[in-house]
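[1] Make a model of this:
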Amino acid sequence: MNSYKIFKSLGITLGLLTCAPGAFAQSTQDSETIQRRLDALQQEVQQLRQQLADQQTTQQASTAETREMAEENRSLLDEVGTPQFSGLVELGYTFNDWNEADKDTTGDVDFGKFILGMSGGEGDLSYSFQYRFYDGYDFLHHAWAAYQFGDNDSVKLGLFQTPFGNMDYGYLSFYGTLPYLAGFNDNQNAGISWEHSQGAWDTSLAFFKSDQLGDSNDHYGANAVGMTGTATYDANGDLIDRGNQGNTEENQLAARIAYTFNDGTDYTTEVNLSAKGGQLYNNQTNDSGDSWAVAAGLNGNYGNWTTLLQATTYEFNAENPDESVSGISDNAVEVGSFGFNFLIPAEAQMYSASLGYSMDVNWGAVDNLFFYNDFSYIDPTDDYSAINGGFGDMDDPMLNDLGVKVTAGRYYAWFDVITSKNALNYIGPVDDNWHTSFQSHFGITY
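    Numbering: from 1, shown residues only. Predicted coordinates:
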């Protein structure tokens, strides 16, 4: 019986009880008969009231059960974790003062990159991967899965950033620093790591089976490339095309420890020490050398201000083919990234310093301006040149990136003035002179 019928029956019964005394007073029936009928009507009223109360109790219980099931389902969804998809589309404008075409056309706008990514987790498990498309090549940026096996410990497996130097990037600008271009910051490798975080201390220990997925140069972050090939010469013995050294970083260990002063506040100073090294296998000679690197860093965040300092020393002890075979000096190591091979000193010290300021604004759609400057410098131990196969001795490489990032919700634009001198032949000519590149990159993230 539904609530409407119960209320209707209850109303009729109460009406009868109200009218009954007058009707029975005019009747010829005796008082006992009247009393029996009144008792029967009162009993029916009590039954109807009980049925109504039972139905309301049942409805309340059903509502509570439904609410409880909804809470359980919500908790389950939170535990499983909804995958988070991310992406980015970017265009770039470049004007180089050494390029005659740029002088004639005042620069050019080209496709920058297109990024697709996904991350999420289920209980103590988490994962993340990202794929990038550039003009003419594409690659997997990172792909890893992690397991949290305690309040302070986790293990990660896959292609992920090497725990070395200042994290996450080691620079503030769009273009980066020389340590980043040389492969000592923001560098991805394939392996397994243990990470421990407790209070102000952060510790990482990783083993990398390979520096990248394959020996090509289509990847993010510079590593020694295992590409093979011999140099070619003309009839006079002059070099026509440089070959390759063929080195690849295998079976590497990396360790990093950091302590953060005033942890949990808006004014923190992190100091960190890191080291890495291992096998340097040569695909040309089939012999193994070794490599090692050590870095000390500082990452300061003081309200709206950010500063990064890092000093790095490293050495590649390679078992290269003869210099005449590769066309590359043993004082240089061939590394590659973003589809391009270039030379860095085989042994050197690197220094970088960055300063940034974040300012929230209310300029229409624009909500933040981030001003930054990155400066970096390399001091080679031996004679080194970024060109001519590394033979010779040129001025030490230097790079400076001054700019601002403008953010408007999901939209952004970087504006950079990049000045360089002998910058690894990665940006600007290598001629012992300073050169300038004006760049702007703009896009949307989602």
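[2] List the buried residues in stretch 395-408.
    Of the residues in stretch 395-408, 397-401, 403-407 count as buried by neighbour count, 16 or more other Cβ atoms under 10 Å. Just so you know, the C-beta spots here come from the backbone N, C-alpha and C atoms, and that holds for glycine as well.
[3] which stretches of this structure aren't confidently modelled?
    Residue ranges of the chain with pLDDT under 70: 1-30, 57-64, 66, 70, 72-81.
[4] rerun at 90
    Low-confidence segments of the chain, defined by pLDDT under 90, span residues 1-83, 122-123, 136, 150, 210-219, 221, 226, 234-240, 339, 446.
[5] Tell me how it divides into domains.
    Per automatic domain parsing, the domain ranges recorded for the chain read 3-73, 85-445.
[6] Show me the beta-bridge partners of the nearest residue to W144 once chain neighbours are set aside.
    Distance criterion Cβ to Cβ, 6 or more residues apart in numbering; nearest residue to W144, sequence neighbours excluded, is G158 at 3.3 Å. In this structure, G158 bridges to W144, G191 when assessed by DSSP bridges.
[7] And for Y259?
    Applying DSSP bridges to Y259 yields these beta-bridge partners: W201, V271.
[8] coming back round to it: quick check: which of the domains of the chain has the most neighbours on average?
    With neighbours defined as mean count of other Cβ atoms under 10 Å, those peak in mean count at domain 85-445, which reaches a mean of 18.
[9] end-to-end on that domain?
    For domain 85-445, the separation between the terminal residues is 11 Å (Cα to Cα, to the nearest Å).
[10] and if you look at stretch 157-166?
    Criterion Cα to Cα; first-to-last residue distance in stretch 157-166 is 21 Å.
[11] The most centrally placed residue in the chain: what secondary structure?
    For the chain, the residue nearest the mean C-alpha position is D168 (7.9 Å; Cα atoms, centre = their mean). For D168, the reduced secondary structure class is coil; criterion used: DSSP: H, G, I helix; E, B strand; the rest coil.
[12] Could I get the contacting residues of it?
    161, 186 (Cβ atoms under 8 Å, 6 or more residues apart in numbering).
[13] how far away is it from L157?
    Here the distance between D168 and L157 works out to 19 Å (Cβ to Cβ, to the nearest Å).
[14] same check, this time on P163
    14 Å.
[15] Same check on G87?
    G87 sits 25 Å away from L157, going by Cβ to Cβ.
[16] One more: N262?
    With distances defined as Cβ to Cβ, the gap from N262 to L157 amounts to 33 Å.
[17] I'd like the distance between G199 and T265.
    Taking Cβ to Cβ, one finds G199 at 14 Å from T265.
[18] Same question for F111.
    Summarising the geometry, the distance separating F111 from T265, computed by Cβ to Cβ, is 42 Å.
[19] Check G403 too.
    Using Cβ to Cβ, one gets 28 Å for the distance from G403 to T265.
[20] Quick check: E71 is in a helix.
    Yes. With three-state DSSP as the criterion, E71 is assigned to a helix.
[21] all helices for the stretch 201-350 of the chain, in order.
    Counting by DSSP state H, counting those that start in this stretch, the stretch 201-350 of the chain forms helices over residues 323-326, given from the N-terminal end onward.
[22] Strands along that one, start to end?
    The residue ranges that make up the strands of the stretch 201-350 of the chain, judged by DSSP state E, counting those that start in this stretch, are 201-210, 223-224, 232-233, 239-241, 247-261, 267-282, 288-302, 305-317, 332-337, 340-345, 347-363.
[23] Between these, which one is closest to V45.
    Checking those against V45 by Cβ to Cβ gives strand 347-363 as the closest, at 68.5 Å.
[24] Which residues are in contact with N272?
    The contact partners of N272, taken as Cβ under 8 Å, 6+ apart, are 165-167, 256-259, 295-299.
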